[in-house]
Each structure stands twice: as C-alpha cells, then as structure tokens.
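Enquirer: Mind looking at a prediction? Sequence and model below.
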Amino acid sequence: MALKLTRRQFIASGSAMAALGLPRANAQDHIALRARVADVQLLPKEYDQTRIWGYDGMAPGPEIRVAQGGRVQRRLVNELPDPTSTHWHGIRIDNAMDGVSGLTQAAVKPGESFDYDFVVPDAGTYWYHAHNRSFEQVARGLQGALIVEEPDAIDIDREEVLVLDDWLVDPESLQIADTFGATGDLSHGGRIGNLVTTNGTYGLAKSAKRHERLRLRLISASNARVFQLGLDGLEGWVVAMDGMPLAQPRPVNGPFLLAPAQRLDLIVDVTAEVGSAGHIVNQGREASFSQVVFNVTDGGTRARRGTPTALPPNDHAMPELASARHLELLMEGGAMGRLGGAMMDGKMSSIDELVAAGNFWAFNGAVGGMDGPALADLSLGETVRLKITNETVFPHAMHLHGVHFHEIEPDGSLGALRDTTLLDRGDVREIAFVADNPGKWLLHCHMLSHAASGMMTRVDVT
Ligand code: C2O
Ligand code: CU
C-alpha cells in the first residue's frame with residue numbers, strides 16, 4: 001500500500017491531527033452554510049408559507065453539534081440579496097472568527113463566502129446568528145443552535161434542543177412585516193413578534209414517556225421578547241445558563257425568564273400521567289399558553305432518579321475581585337427616558353439631533369457604536385468589575401462577546417457565569433470577568449433594535 005498522502009489527506013486524517021496536537025477536524029472541512037431566502041411553513045398548516053432568510057433555507061438553521069475541544073469549520077455562502085456575517089454567540093472564540101461585520105471582518109457580499117474555522121473550548125448550549133443589520137437579519141430567521149457536547153454522556157434518556165423565537169407577521173400578507181428599524185421598536189421595547197414558535201413551529205408537539213428524564217436546551221433567538229416560562233407536568237432543574245453549568249442544579253419552582261440570546265439547560269422528569277401531557281408553559285402578559293407540549297404516550301417503567309448531578313464545569317479563570325479594575329456603564333434613553341442629549345460622532349448633540357439620526361440610547365453619555373472609543377482598553381489577564389446601571393424604563397439583555405462573566409450576587413459573591421444578563425428597568429448589576437481573550441469584543445444590548453440605535457460599545461483586550 002502506498003503511504004504517500006497528499007497534504008489534504010494528511011490533514012483530514014484524525015490520527016495525524018492528534019499527532020500534530022491539533023484538534024480533530026470534521027470529516028469534511030468547511031461544510032457549506034448557505035444563507036438564503038426560502039419559503040417555510042411558519043404559520044399553522046391552514047395558512048400560506050412565509051418567506052424567510054435562513055441558514056440552508058431553514059429557521060432555525062441546521063444544528064451544529066461538536067465535541068468539546070473540537071473544531072467547527074463552516075463556509076458561509078451568502079445567497080442573500082444583502083451582505084451578512086455569522087456570529088457564534090457565547091463561544092470563547094478567536095477574535096477573527098467572531099463574525100462581527102465592520103469590526104472583526106468585512107460583511108460578506110451577496111455571492112461571496114467566508115470560511116469560519118474555530119475551536120470550541122467549552123461544553124454547552126450556544127447558538128449562531130447573523131451579525132450584520134442583526135435587527136433585520138435575525139428577525140428574518142438567520143439563526144441556529146450550536147451544541148458542544150460534554151466528553152462523557154450525562155444521565156438522561158434523551159435531549160431536545162428547543163429554539164424559541166417570535167416573528168412579526170403582517171396579518172394581511174402573512175409575510176414578515178417589513179418594518180425593520182421602525183422608530184417605535186428602536187425607542188421602546190424592541191421588535192416584539194406576534195407569532196411565537198419553537199424550532200420554527202407554532203405549538204410544537206413532542207411525545208415523551210412517563211418518568212423519562214430529558215435534557216432540554218432552551219435557546220432564545222428572539223429580537224426583543226423576554227420569555228416568561230413555567231413547567232407543567234414536568235419536574236425540572238436548571239443545570240446550565242448560557243452554556244455554563246451551575247455548581248448545583250437549581251430546582252424550577254415557579255416561572256423563569258429567558259431573555260433574548262440567553263440559554264437555559266434544564267433536566268426534567270416527565271411527571272404527567274400517561275394519556276395527558278407535560279408542557280413548557282409560556283406565561284404571557286394576557287394569557288398563558290403551551291409553548292411546547294410533551295404528549296405522554298407510553299408508560300415508562302423506570303423509577304424517578306431524584307436531583308440530577310451537576311454538569312462538569314468548564315475551565316474558567318477565576319476573577320480576583322479584590323484587585324479588579326472597576327468600570328461603569330450607565331444606560332440611558334428611550335421613550336419616557338430623560339435623555340436630553342448625548343455625544344454622537346464626537347459632538348455633543350441634542351435629543352432632536354439624535355432622533356433624526358435614528359439614535360435613542362446612550363452608554364455613559366454617548367451614542368454607542370462599534371467604532372467609537374472602547375469602553376476600556378484592557379490588558380490580557382486583567383480582572384474587570386463592571387457596574388451596569390439601567391436608567392431606562394425598559395428591560396435590556398446585555399451581551400459581552402468573547403468571554404463569559406460572573407454576575408455578582410447582592411451579597412458580593414460571584415454568581416453564575418453568563419454571556420447575556422437581563423436588567424429590568426432601574427436595575428443595577430455588577431459583573432466580573434477575566435479579560436483572557438485578546439481582541440475587540442462588543443458589549444451590547446441583545447434587544448437588537450436597541451443595539452442598532454445606540455446601545456453598543458466595545459472592550460479591547462491587548
Ligand atoms: Cu448574539 Cu453581538 O451578539
Ligand atoms: Cu436594550
């Protein structure tokens with residue numbers, strides 16, 4: 001047998017990769033991920049199809065699943081009429097692969113492509129989404145799940161990835177309302193949809209066995225809606241938030257929130273009787289309804305297993321709070337706010353000038369964007385303690401790229417690791433992180449209309 005391998009075969013061979021100390025690559029390198037226009041059955045079957053923009057023509061796009069420490073290689077092929085890019089939300093990624101148009105790469109023009117190639121250091125539930133005109137492109141459907149598996153199987157019967165979303169559909173045309181960037185969305189609570197889906201389906205139904213133990217990976221791809229959810233006929237524990245395992249599983253005893261871009265991993269036992277159903281309940285403002293139904297079809301014989309054990313932790317540097325650098329971020333503006341003016345493009349501007357330019361929000365007295373001065377220039381390895389104050393009358397889901405941060409508990413201790421933290425009106429939240437990933441990292445509101453109208457800044461780590 002001839003042992004001469006081409007370089008390509010050599011690189012593709014897993015054992016060769018291991019010998020080189022490189023992570024094992026996918027069987028084919030750079031699988032295409034085509035961002036394109038498609039018609040899908042978003043509404044219940046008796047209605048017409050709706051035109052979306054989706055990865056491989058689907059929303060959510062194809063699930064990407066990889067082992068912890070593995071490598072993701074995707075060729076984003078832009079078949080859309082507009083430029084785009086793809087962000088891998090929550091991955092502690094190499095900055096050049098972060099997918100932020102205008103910051104870490106140029107937007108990929110229609111007909112062109114871009115190769116993403118990165119290693120995933122942490123196990124957990126992540127997602128990917130468009131990061132150019134996100135307030136439009138994510139709302140049109142450019143998002144999907146990115147799942148990083150723990151090295152050892154956990155004690156469950158099976159898992160379900162559940163991408164929650166809401167769509168603003170024009171009731172006349174049954175098409176996605178072409179009102180992106182509407183002033184009312186920018187200045188108020190953001191673009192809130194009128195059709196709530198899970199995995200692109202209205203009223204998603206699954207079946208389950210009694211006493212079955214499921215891992216539910218909840219992902220919110222919503223532009224602005226904060227889901228308030230509950231469990232019925234399911235007994236559950238939160239085991240991870242934004243991909244990161246909790247030290248102790250936390251029993252679900254009542255309603256819980258899932259803000260835009262956040263993830264929750266639940267382990268649930270099916271406690272509903274055979275012939276009835278378990279539900280993830282959406283506790284809306286006016287009425288509650290079933291977000292996902294699990295029809296209990298069959299008598300499972302297994303006994304209940306009790307509190308699940310914690311997922312294995314990901315390896316994170318511990319912030320040294322005592323020596324941390326203190327930063328502050330004051331969030332102001334929006335309808336019913338008191339913002340009189342702010343710095344815009346280096347000039348002090350009146351509220352009328354801000355509004356004329358489509359800006360409604362300010363961070364530390366300046367309309368934010370990705371190319372102004374950074375909130376901070378950090379040196380690699382520095383610990384930061386950032387106090388965020390929400391002086392607006394709206395909730396905001398603040399997301400930091402490139403690292404996870406700890407929420408600081410009211411008693412001053414380090415709380416859960418997250419990449420997106422929800423601040424209700426008037427909230428003050430402190431977060432802490434070790435700036436151990438070099439690059440330019442966005443810090444923005446994940447209510448995507450807000451990010452587009454001033455709620456965006458950056459930390460630079462060198
Ligand atoms: Cu999930 Cu800057 O985004
Ligand atoms: Cu916001």
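Expert: Here it is on my side, so go on. Bear in mind that the values here come from a model prediction, so they are computed numbers and not experimental data. Residues are numbered from 1 along each chain as shown. Ligands and ions are numbered 1, 2, ... in the order given.

Enquirer: for ligand 2, what are the nearby residues on the stretch 351-462 of the chain?
Expert: 396, 445, 447, 450 (CB under 5 Å from the ion). Every C-beta, even on glycine, is put in place using the N, C-alpha and C of the backbone.

Enquirer: In helices only, show me those residues.
Expert: residue 450 (DSSP state H).

Enquirer: which one is residue 63 nearest to, not counting chain neighbours?
Expert: residue 145 (4.8 Å; CB to CB, 6 or more residues apart in numbering).

Enquirer: Outside of the one helix or strand the one you found maps to itself, which residues are in contact with it?
Expert: When elements are assigned from DSSP states H and E, residue 145 belongs to strand 143-149. Strand 143-149 is contacted by residues 55, 58-68, 70, 72, 88-89, 91, 120, 122-130, 161, 163, 165, 217, 219, 221, 243 when judged by CB atoms under 8 Å, 6 or more residues apart in numbering.

Enquirer: Surely residue 341 is in contact with residue 347?
Expert: No: in this structure residue 341 lies outside contact range of residue 347 using CB atoms under 8 Å: 10.1 Å.

Enquirer: quick one: which of the two has more around it?
Expert: Using other CB atoms under 10 Å as the criterion, residue 341 and residue 347 rank with residue 341 on top: 15 against 8.

Enquirer: Just the pLDDT for the more buried one.
Expert: What the model reports as pLDDT for residue 341 is 94.

Enquirer: Residue 57 now?
Expert: 98.

Enquirer: Thought residue 32 was touching it, still the case?
Expert: No: checked against CB under 8 Å, the pair residue 57 and residue 32 is beyond contact range at 12.0 Å.

Enquirer: Which residues are in contact with residue 185?
Expert: So residue 185 contacts 135, 179, 191, 224, 449 (CB under 8 Å, 6+ apart).

Enquirer: Which of those fall within strands?
Expert: Of those, none are assigned to strands by DSSP state E.

Enquirer: mind listing which of the contacts of strand 143-149 are in strands?
Expert: Per DSSP E, the contacts of strand 143-149 map to strands at 55, 64-67, 72, 88-89, 124-130, 161, 163, 165, 217, 219.

Enquirer: Restricted to buried residues, select those residues in PyMOL.
Expert: Buried residues among the ones in strands among the contacts of strand 143-149 (16 or more other CB atoms under 10 Å), as a PyMOL selection:
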select buried, resi 55+64+66+72+88+89+124+125+126+127+128+129+130+161+163+165+217+219
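
Enquirer: Can you give the domain ranges for the chain?
Expert: The chain breaks down by automatic domain parsing into domains covering 14-149, 158-299, 321-461.

Enquirer: mind checking how far the closest residue to residue 409 other than its chain neighbours is from residue 299?
Expert: Spatially, and ignoring its direct neighbours in sequence, residue 409 is nearest to residue 415 (4.5 Å; CB to CB, 6+ apart). Going from residue 415 to residue 299 by CB to CB, to the nearest Å gives 40 Å.

Enquirer: Residue 114: how many residues sit nearby?
Expert: 20.

Enquirer: So it sits against residue 108, correct?
Expert: Yes: Residue 114 lies in contact with residue 108 (CB under 8 Å); the separation is 4.6 Å.

Enquirer: who touches both of those two?
Expert: With CB under 8 Å, 6+ apart, residue 114 and residue 108 have common neighbours 76, 78, 85.

Enquirer: quick one: which helix or strand includes the residue sitting nearest the centre point of the chain?
Expert: With distances taken as CA atoms, centre = their mean, residue 261 lies nearest the centre of the chain, 3.0 Å away. For residue 261, there is no enclosing helix or strand under DSSP H and E.

Enquirer: any idea how far the closest residue to it other than its chain neighbours is from residue 285?
Expert: Counting by CB to CB, 6+ apart, residue 446 is the residue found nearest to residue 261 once chain neighbours are left out, at 4.1 Å. Separation of residue 446 from residue 285 (CB to CB) stands at 20 Å.

Enquirer: neighbour-wise, which of the two wins?
Expert: residue 446 (28 against 6).

Enquirer: Show the contacting residues for the more buried one.
Expert: Per CB under 8 Å, 6+ apart, neighbours of residue 446: 259-261, 397-399, 420.

Enquirer: Can you check the pLDDT for it?
Expert: Residue 446 is given a pLDDT of 98.

Enquirer: Look up phi and psi at it.
Expert: phi -90, psi 10 (degrees, to the nearest 10).

Enquirer: so how far is residue 174 from it?
Expert: 27 Å.

Enquirer: Give me every residue in the protein lying close to ligand 1.
Expert: Counting by CB under 6 Å from any ligand atom, the chain comes close to ligand 1 at 87, 89, 129, 131, 261, 399, 401, 442, 444, 446.

Enquirer: Near the one residue in the stretch 151-300 of the chain that gets nearest to ligand 2, how many other residues are there?
Expert: With CB to the ion, the shortest gap between the stretch 151-300 of the chain and ligand 2 falls at residue 190, namely 6.6 Å. Residue 190: 29 surrounding residues under other CB under 10 Å.
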